[in-house]
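A.B. asks: Using only what follows, build the 3D model:
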Amino acid sequence: MTAKLRVAVFPVAGLGTRFLPATKAMPKEMLTVVDRPVIQYAVDEAKQAGIEHFVFVTGRNKSVIEDHFDRQFELEHTLEQRGKTEALQLLQADLPQPGKTSFTRQQEPLGLGHAVWCARELVGDEPFALLLPDMIFKSEQGVLAQMIAAYEQHGGNVLAVEEVAPEDVSSYGVVGRGEGPDEGFEITQMVEKPKQADAPSNLIISGRYILQPEVFELLENQAKGAGNEIQITDAMQGLLGKQRFTGVKYKGTAFDCGSKVGFLSANVAFALERQDIAVEFLHELNQIIRAAKR
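C.D. replies: Numbers count the residues shown, from 1 in each chain. Presented below is the predicted three-dimensional model:
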C-alpha cells in the first residue's frame with residue numbers, strides 16, 4: 001500500500017542574486033506576482049493537493065517568510081475595525097493551521113540537495129513532496145495534484161517534467177523516458193545539466209518532486225556535482241534502479257520566477273486572469289506595447 005503523502009518541503013534559503021538590489025533586504029520568495037508572494041503560490045498548490053505539513057528550509061534574512069505564515073493581530077484588528085472583511089478573510093484563508101509549519105536553517109549555500117538534507121529530521125521516515133518556489137504554474141489542476149495521482153498508482157518517486165528545446169537541456173536536470181503515458185511513464189535515466197549530445201531526451205525536471213525518505217541517506221555523503229553544489233539529481237540517480245521513478249508530463253504552463261523574464265511573464269499572465277483588474281490592465285498593457293513599437 002502506498003504511504004500517504006503528508007509533508008512538503010520548500011527550499012527558500014537562496015540569495016536571489018539575479019534580482020539585486022530588490023533582494024538585498026527582501027527574500028526573492030516574497031517578491032509578488034500581482035499581489036501574492038511567489039512562495040504563496042507554491043504553498044497554495046501543496047494545500048490544494050492535500051499536504052498537511054509545510055517544511056521551509058530557510059537562511060539568514062529570511063525571517064519575513066516565517067512572519068508571512070503567521071498571524072498579525074494588529075493588522076487583523078485594523079482590518080476588522082475598518083470593515084475590510086474581504087481582505088481579512090483572504091489573510092486568514094492563506095494561513096496554514098496551527099502547528100502545521102516548520103522552519104529549519106541551511107547555514108551554507110551548498111546546493112539544493114543539501115537544502116533538502118537539512119529537512120531530514122522534520123520529514124522523518126516518510127515520503128515527501130519537494131516544491132521549488134521559483135517555479136509557479138497556471139493549470140486547471142495543480143501540478144502536485146497531478147503527480148499525486150501518478151504516485152497513488154505507481155508509488156515510489158515522481159517527478160514533474162516538461163519539454164524544452166534540445167539546445168536548452170544543458171541548463172536543467174534531464175530524464176530518459178521509458179514505457180507509459182504522459183500522465184505516468186517510467187524514468188530510465190537522470191542527468192544533471194548534460195551537454196546536448198549527452199542528454200537522454202529533451203524532458204526536464206520542472207521543480208516538483210515526490211521523493212522517498214531513502215534519498216536522505218544518499219544526500220548524507222553526496223559529493224558535489226554540477227556547479228560545485230550538492231545536487232538532488234545526483235542523489236536520485238543513486239535510487240534509480242532500486243526504486244521506481246515516474247515522470248508526469250504535467251498539463252499547464254510554468255513560469256520560472258527565478259529569472260526576470262519569467263517573473264515578469266508570470267505577473268502578466270496572472271494579472272490577465274484576475275476579474276478585478278484584467279480589463280484595465282490589458283488596456284494599459286496594449287498602450288505600453290504600442291508605444292514600444294513606435
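A.B. asks: Any regions of this structure where pLDDT drops low?
C.D. replies: For the chain, the stretches flagged by pLDDT under 70 are 1, 223-224, 226, 228.
A.B. asks: Do a quick rundown of the helices in this structure.
C.D. replies: All helices of the chain, identified by DSSP state H, fall at 38-48, 63-68, 73-81, 85-94, 112-117, 120-123, 143-154, 214-220, 232-239, 260-271, 278-293.
A.B. asks: what's next to the shortest one, contact-wise?
C.D. replies: Judged by C-beta atoms under 8 Å, 6 or more residues apart in numbering, the contacts made with helix 120-123 from elsewhere in the structure are 7, 9, 55, 102, 104, 213, 216, 219. C-beta: built from backbone N, CA, C; applies to glycine.
A.B. asks: between those, which has the most around it?
C.D. replies: Within the contacts of helix 120-123, most neighbours by other C-beta atoms under 10 Å means V9, with 27 neighbours.
A.B. asks: contacting residues for it?
C.D. replies: Going by C-beta under 8 Å, 6+ apart, V9 touches 55-57, 116, 119, 123, 128-131.
A.B. asks: Now do the domain split for this structure, please.
C.D. replies: Residue ranges for each domain of the chain read 7-258, 261-294, as given by automatic domain parsing.
A.B. asks: Please identify the most buried of those domains.
C.D. replies: Comparing these by mean neighbour count (mean count of other C-beta atoms under 10 Å), domain 7-258 comes out on top with a mean of 18.
A.B. asks: and the gap between the residue nearest to M26 when sequence neighbours are not counted and P194?
C.D. replies: Closest residue to M26 apart from its sequence neighbours, by C-beta to C-beta, 6 or more residues apart in numbering: V64 at 7.1 Å. As judged by C-beta to C-beta, to the nearest Å, V64 and P194 stand 37 Å apart.
A.B. asks: ditto for E229
C.D. replies: Using C-beta to C-beta, one gets 16 Å for the distance from E229 to P194.
A.B. asks: so how far is the first residue of stretch 217-225 from its last?
C.D. replies: 17 Å (C-alpha to C-alpha, to the nearest Å).
A.B. asks: Check what contacts that stretch and list those residues.
C.D. replies: 110-111, 113-114, 116-117, 120, 192, 230-235, 238-239.
A.B. asks: hmm, try it at 6 Å
C.D. replies: Applying C-beta atoms under 6 Å, 6 or more residues apart in numbering, the contact partners of stretch 217-225 are 113, 117, 192, 230-231, 234-235, 238.
A.B. asks: V38 reaches E29, doesn't it?
C.D. replies: Yes. Judged on C-beta atoms under 6 Å, V38 makes contact with E29 at a distance of 5.3 Å.
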